[in-house]
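S.K.: Below: sequence and its predicted model.
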Amino acid sequence: MIVDIPGTPGTFTGLVLRISQCVFAAASISYMVSSGSFFNYTAFCYLIAAMGLQVIWSFGLAILDTFALVRKKTLLSPVFVSLFVVGDWVTATLSLAGASSSAGVMVLYFGDLGSCSFEAECWRYQLSVTLAFLSWISISVSSLTTLWLLASSV
C-alpha cells in the first residue's frame, strides 16, 4: 500500500520539512548565542539545548531522506515510521517547551519589567524565539504526518 501524504519520510516534501527544521533551529541557536548574556536565563539555555537536539535529529533524518530519494527507496516500514513518530514527538515537545519558556521570559523581563531596549540584545532574543517557533511549526507538521502514517499502516 502506497500512502501519498505530503511530508512523508523519503519524499521531496519530507526532505524540505527536515531541512527547514534544521535551518530554523540552527538559526535560533546562532542568534541566541550571538548575544552576550543569554546564559543568565535558564529558559534561554534550555532553548539552546532543545534546538541543538532538533538540529541533530532533523539533520540525521534529512540525510536519510536524501539517501532514500537518491536510491529510490521507501521509508514506510512500520519500524521506521514508529521511530520517526517517537523522535518527532519528543523533539516537537522539547522545542515547544523551549520556545514557550523563552517567550515567557521575553514577555516578563523585557516587556513587563521594561529591562530591554531594541538597541541592546533584545532583538536577538526575540528573533531566536521566533525562529524556534518556526522550527516547532515545521516539526509539528512532520510529527502529525508520521503519526498519520503509523495510524494508516495498522
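M.R.: Nice, thanks for sending it over.
S.K.: pLDDT score assigned to the residue nearest the centre of the chain?
M.R.: Centroid-nearest residue in the chain, with CA atoms, centre = their mean: Ser135, separated by 3.8 Å. pLDDT for Ser135: 97.
S.K.: Packing partners of the helix or strand harbouring it?
M.R.: Using DSSP states H and E, Ser135 sits in helix 122-153. Packing partners of helix 122-153 (3 or more CB pairs under 8 Å, 6 or more residues apart in numbering; DSSP states H and E): helix 12-34, helix 42-71, helix 78-105. Bear in mind the C-beta positions are built from the backbone N, C-alpha and C, glycine included.
S.K.: So which bits of stretch 29-41 are buried?
M.R.: The neighbour-count check on stretch 29-41 (16 or more other CB atoms under 10 Å) flags Ile29, Tyr31, Met32, Ser35, Phe38, Tyr41 as buried.
S.K.: so how far is Gly104 from the second one?
M.R.: Spelled out, it's Tyr31. Counting by CB to CB, to the nearest Å, the gap between Tyr31 and Gly104 amounts to 18 Å.
S.K.: again, but for the first one
M.R.: Relative to Gly104, Ile29 is positioned 19 Å away (CB to CB).
S.K.: ok, Thr93 - how many residues close by?
M.R.: 15 (other CB atoms under 10 Å).
S.K.: pLDDT below threshold where in this protein?
M.R.: Within the chain, the stretches with pLDDT under 70 are 1-3, 117-120, 154.
S.K.: check contacts around Phe133.
M.R.: Counting by CB atoms under 8 Å, 6 or more residues apart in numbering, Phe133 makes contact with Ala99, Ala103.
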